[in-house]
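Peer 1: after the sequence you'll find the predicted model.
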Amino acid sequence: MNAATIHRAPPWWLRDFRHLWLAALVFAITAGCALAAVAGTRLLWHEARARQLAAAQARELARHQLALVEQEKRDIALFQPIYQQLQARRLVGTENRLDWLDTLRQLQEQYHLAPIAYDIAPRQPVVVSPAMNLGRYRLYTTRMRVQMDLLHEGDLFALLSGLRAQGHSTVQECTLKRPTSAPNTPLAPTVTAACTLNWVTLTANAAPEGQSAAMAGAIPSPHAVPATPVLAQGEPP
């Protein structure tokens, strides 16, 4: 027999592979499915973890917002009466010069005072030191100078007390002068008072300062008592 024609038998593992190819195919498919399942499970785990973290953050944010709302409710319950008192005293809001002048006129009639001369300066912002956090509000002051003739000093104290009761005002200074000669007529003034007042307002949206022009004038006496000269507009007391 020729050696070239001798048929060599294949190795055993190759001869038996025809019996195992189906099992090998099933194994390969199963391994691929298992790897895909592991990868998919890991992806789903990461997605679930991300959703859990997002939910935890949302819950923490909601808890923080709820705490802020509860704190605001407590602040409102605590400070609303104070705020209403400040509103009643006309500290909060825009300045109302007509109310100030009407208050002067009412007090003049109430205490039977002589003519009152007044001069109102433009409103100015107040610089507080140390600085205070007023939120969206800003503190302003408006200076008013008044001059009047009085029968006695007690009329001045009554007028200032009435002004403080009708609004938030402070007295910067007052000057009292007596006439050089004693009056010869009854109910004649015995002292002249010149005071500088500061009306304080806490305003959220301040109007332009150009709208707060200076005002000056005089409130006439409700009685037929001879009036002393009053201040002209812009004349210092």
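Peer 2: That came through, no problem. Numbering: from 1, shown residues only.
Peer 1: the helix or strand hosting residue 70: what's the following helix or strand?
Peer 2: Here residue 70, judged by DSSP states H and E, is contained in helix 12-88. With elements assigned by DSSP H and E, the helix or strand that comes after helix 12-88 is helix 97-111.
Peer 1: who are the packing partners of that following helix?
Peer 2: When contacts are defined as 3 or more Cβ pairs under 8 Å, 6 or more residues apart in numbering; DSSP states H and E, helix 97-111 sits against strand 116-120, strand 138-150, helix 153-166, strand 215-219. C-beta: built from backbone N, CA, C; applies to glycine.
Peer 1: do that again at 6 Å, thanks
Peer 2: With contacts defined as 3 or more Cβ pairs under 6 Å, 6 or more residues apart in numbering; DSSP states H and E, the secondary structure elements packing on helix 97-111 are helix 153-166, strand 215-219.
Peer 1: check the offset of it from the chain's centre.
Peer 2: The gap between where helix 97-111 is centred and where its chain is centred comes out at 31 Å by Cα atoms, centre = their mean, to the nearest Å.
Peer 1: how about that helix: buried residues?
Peer 2: 100, 101, 103, 104, 107, 108 (16 or more other Cβ atoms under 10 Å).
Peer 1: so what's residue 142 up against?
Peer 2: The neighbourhood of residue 142, defined by Cβ atoms under 6 Å, 6 or more residues apart in numbering, consists of 95, 123, 199.
Peer 1: near the first one, how many other residues are there?
Peer 2: The tally of other residues near residue 95 (other Cβ atoms under 10 Å) stands at 21.
Peer 1: residues touching it, list them.
Peer 2: 142, 201.
Peer 1: just the pLDDT for it.
Peer 2: pLDDT, the model's per-residue confidence, is 79 for residue 95.
Peer 1: swap in residue 199?
Peer 2: Spelled out, the predicted local distance difference test score at residue 199 is 88.
Peer 1: does it touch residue 170 like I think?
Peer 2: No. The criterion here is Cβ atoms under 6 Å, and residue 199 misses it with residue 170 at 8.4 Å.
Peer 1: more neighbours, these two?
Peer 2: Relative neighbour count places residue 199 above the other of residue 199 and residue 170, with 23 against 13, counting by other Cβ under 10 Å.
Peer 1: who's in contact with the more buried one?
Peer 2: When contacts are counted by Cβ under 6 Å, 6+ apart, residue 199 is found next to 142, 169.
Peer 1: then it would be within a strand, right?
Peer 2: Yes. Judged by DSSP: H, G, I helix; E, B strand; the rest coil, residue 199 forms part of a strand.
Peer 1: tell me what it is bridged to.
Peer 2: Residue 199 has the following beta-bridge partners by DSSP bridges: residue 142, residue 169.
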